[in-house]
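Asker: Model the following, please.
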Amino acid sequence: MSSATPAAPLLDQRPRLSGLAIWNMCVGFFGIQIGFGLQNANTSRIFQTLGAEVDSLAILWIAAPLTGLLVQPIIGHLSDKTWSRRLGRRRPYFLVGAILTSLALVAMPNSPTLWFAAAMLWIMDASINITMEPFRAFVGDNLPDEQRTTGFAMQSFFIGTGAVFASCLPWLLSNVFQVASTAPEGVVPDTVRIAFYVGAAGLFAAVLWTVLFSREYSPSQLDAFEAHRARLAGEQAFDPARKDAPARTPRAYLLGGLLWLLVGGAAVYGVWAFGVEKELYIFSGFVAGFGLLQMVVGALHAARTVNGITEVVDDIFRMPRTMADLAVVQFFSWFALFAMWIYTTAAVTSVHYGSSDPTSAAYNAGADWVGVLFGVYNGVAALAAFAIPVVARRTGRKGAHALNLLLGAAGFAGIFLIRDPQLLWLPMIGVGIAWASILSMPYAILSGALPARKMGVYMGVFNIFIVLPQLVAATLLGLVLKYLFDGQAIYALLIGAIAFVLAALAALRVREH
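Answerer: Predicted coordinates:
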């Protein structure tokens, strides 16, 4: 058995794994973050190249959160119920998602129109989510509680290094390999196009490494671990054959869903009747859609029908209290991050480089520099990942997370205040520390509160609290900038700083399991 393979246990608890085994488990995240890094640093650039206005960027980005909202809980639920001797529970999804993401990365920079690019973003994000969601559950499956902070921190390290590689690729191609960073109007520069090709190959190779050099515990082994944990906690062990009662009565689902549907429908009508910005259709539609989903689940329960839809929605309504507390932290944290990903390129090019023209040399120099800045914060995150477990042992997990989020707020404020573009790397240090913490601490706190048999679905449901703030940001941020700040993208980063402060305060109130 290789060092990457969890030993087949004769005991009732997960054995500690070697550093090499944890390394091999997490290598795939290097590839996943290459895809995310290229997407985050270059999607707005591609959209603007194809003719998008600054105040429409958020609505074009809406594909990413909506895709994650739909895909992650479904993939989590399916991976919980998957088992094969050769690929286990999670690794089939790693492999399929990596193939689809690589193909989307090749297609994205060759988009002939703006709406084709938006569609490619949708496909790319769906594919990345198929791969990424099971990776979170993978750590919870394979590591004992005392190693989970280290496991998620190792994921943060690979996320940081992968993003550094991805974010700096266009800049390196332009400044080291002399590839053209400008192109005619409506054409994506060669630096971006070639970077996406390289990223596709790197993503597939990294994920394949984890698929080949990691193994997983069988369902019977996980049941033994869960029974042992329940005995220690004085709880009833999970029975794999048990059918849980619905989280709510059919009547409660129907009435609650009807209320959500009416509120969402009224909001849609209000947007149409008063001629409000069309972006609000998306948020209103989400509210109505969640109401309709509850009504469907209520009808299924009334008919005594149990399927994947009813199980996932029931799990949402019976989530552990630790997860509910962390949901608030995640909401404000990811709202801030999404503001940065959407608007940093527009902010830096217009404020620090004095150009909003995607065909100008100044704009493209600024956009390339944003890639380097994103590389800086991801590089810092890779290094901070090693320090976070040490700090967490001294201050507690939630105290360490709150401190790191405040450093992120200081970083966002620094981008707003500093005017010399060559000094913008300084605030990125705080952003990088916060990013490393966001990628590890909430999951380390959460995994100890989740049953092993539900690890995948709850990690997918937890993604809802990443998606919701992104949906709010993509729906409302463009409107806020347009009507309150004369369309100046730099103010999105100031709003993000405030959101990070609120996330830090919420982190201190988390009730750990």
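
Asker: For this structure, which helix or strand comes out least confident on mean pLDDT?
Answerer: For the chain, using mean pLDDT, DSSP states H and E, the weakest element among its helices and strands is helix 57-60, scoring a mean of 64.

Asker: now the helix or strand just after it: how far from the chain's centre is it?
Answerer: Scanning the chain past helix 57-60 towards its C-terminal end, the next helix or strand to appear is helix 63-80 (assignment: DSSP states H and E). Once both centres are worked out by C-alpha atoms, centre = their mean, to the nearest Å, helix 63-80 turns out to sit 11 Å from its chain's centre.

Asker: and what of stretch 505-513?
Answerer: Taking C-alpha atoms, centre = their mean, the mean C-alpha location of stretch 505-513 is offset from the chain mean by 21 Å.

Asker: cool, stretch 73-81 as well?
Answerer: Here the centre of stretch 73-81 is set off from its chain's centre by 17 Å, with C-alpha atoms, centre = their mean.

Asker: try stretch 272-289
Answerer: Distance, centroid of stretch 272-289 to centroid of chain: 24 Å (C-alpha atoms, centre = their mean).

Asker: Check stretch 298-308 too.
Answerer: Taking C-alpha atoms, centre = their mean, one finds the center of stretch 298-308 at 31 Å from the center of the full chain.

Asker: again with stretch 282-295
Answerer: Computed by C-alpha atoms, centre = their mean, the separation of stretch 282-295 from the middle of its chain amounts to 22 Å.

Asker: Check the spacing between the closest residue to residue 439 other than its chain neighbours and residue 387 real quick.
Answerer: Leaving aside its chain neighbours, residue 439 sits nearest to residue 156 (4.4 Å; criterion: C-beta to C-beta, 6 or more residues apart in numbering). All C-beta atoms are positioned from the backbone trio N, CA, C, and that covers glycine. Distance of residue 156 to residue 387, computed by C-beta to C-beta, to the nearest Å: 11 Å.

Asker: neighbour count winner among the two?
Answerer: Relative neighbour count places residue 156 above the other of residue 156 and residue 387, with 28 against 14, counting by other C-beta atoms under 10 Å.

Asker: Assess the claim that the more buried one and residue 381 are in contact.
Answerer: Yes. The pair residue 156 and residue 381 passes the contact test of C-beta atoms under 8 Å, sitting 6.0 Å apart.

Asker: list residues touching both of these two?
Answerer: Common neighbours of residue 156 and residue 381, using C-beta atoms under 8 Å, 6 or more residues apart in numbering, are 435, 436, 439.

Asker: sorry, back to before: can you tell me the element the residue nearest to residue 439 falls in?
Answerer: Assigned by DSSP H and E, residue 156 belongs to helix 145-175.

Asker: Low-confidence stretches in the stretch 101-250 of the chain?
Answerer: 229-230, 232-244 (pLDDT under 70).

Asker: Check the offset of the one helix or strand residue 328 maps to from the chain's centre.
Answerer: Here residue 328, judged by DSSP H and E, is contained in helix 321-347. Taking the mean C-alpha point of helix 321-347 and that of its whole chain, the gap between them comes to 10 Å (C-alpha atoms, centre = their mean).

Asker: immediately after that helix, which helix or strand?
Answerer: Scanning the chain past helix 321-347 towards its C-terminal end, the next helix or strand to appear is helix 361-395 (assignment: DSSP H and E).

Asker: and that next one, which residues are buried?
Answerer: Of the residues in helix 361-395, those buried under the neighbour-count criterion (16 or more other C-beta atoms under 10 Å) are 363-382, 384-385, 388-389, 391-392.

Asker: One more: stretch 181-196?
Answerer: Residues 181, 182, 183, 188, 189, 190, 191, 192, 193, 194, 195, 196 are the ones in stretch 181-196 that count as buried (16+ other C-beta under 10 Å).

Asker: which one among the residues you listed gets closest to residue 228?
Answerer: Compare each of the buried residues of stretch 181-196 with residue 228 using C-beta to C-beta and the shortest gap goes to residue 196, at 46.5 Å.

Asker: Format the buried residues of stretch 181-196 as TSV; extra columns: distance to residue 308 and secondary structure.
Answerer: Output for those, formatted as TSV (distance: C-beta to C-beta, whole Å; DSSP: H, G, I helix; E, B strand; the rest coil):
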residue	distance to residue 308	secondary structure
181	47	coil
182	49	coil
183	45	coil
188	39	coil
189	43	coil
190	44	helix
191	43	helix
192	39	helix
193	39	helix
194	41	helix
195	38	helix
196	34	helix
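
Asker: picking that back up, export the shared contacts of residue 156 and residue 381 to JSON lines and tack on neighbour count and secondary structure?
Answerer: Conversion of the shared contacts of residue 156 and residue 381 to JSON lines gives the following (neighbours: other C-beta atoms under 10 Å; DSSP: H, G, I helix; E, B strand; the rest coil):
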{"residue": "435", "neighbour count": "28", "secondary structure": "helix"}
{"residue": "436", "neighbour count": "30", "secondary structure": "helix"}
{"residue": "439", "neighbour count": "23", "secondary structure": "coil"}
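
Asker: Mind putting those into JSON lines with pLDDT and distance to residue 87?
Answerer: As requested, these are arranged in JSON lines below (pLDDT from 0 to 100; distance: C-beta to C-beta, whole Å):
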{"residue": "435", "pLDDT": "91", "distance to residue 87": "31"}
{"residue": "436", "pLDDT": "90", "distance to residue 87": "30"}
{"residue": "439", "pLDDT": "87", "distance to residue 87": "25"}
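
Asker: Kindly indicate which of these lies nearest residue 76.
Answerer: Distances from the shared contacts of residue 156 and residue 381 to residue 76 were compared by C-beta to C-beta; the smallest belongs to residue 439, at 17.6 Å.

Asker: Just the buried positions in the host helix or strand of residue 209, please.
Answerer: Per DSSP H and E, residue 209 falls inside helix 190-213. For helix 190-213, the neighbour count (16+ other C-beta under 10 Å) marks 190-196, 198-200, 202-211, 213 as buried.

Asker: how many degrees apart are it and helix 145-175 in direction?
Answerer: 150 degrees (axes from the mean of the first three to the mean of the last three C-alpha atoms, to 10 degrees).
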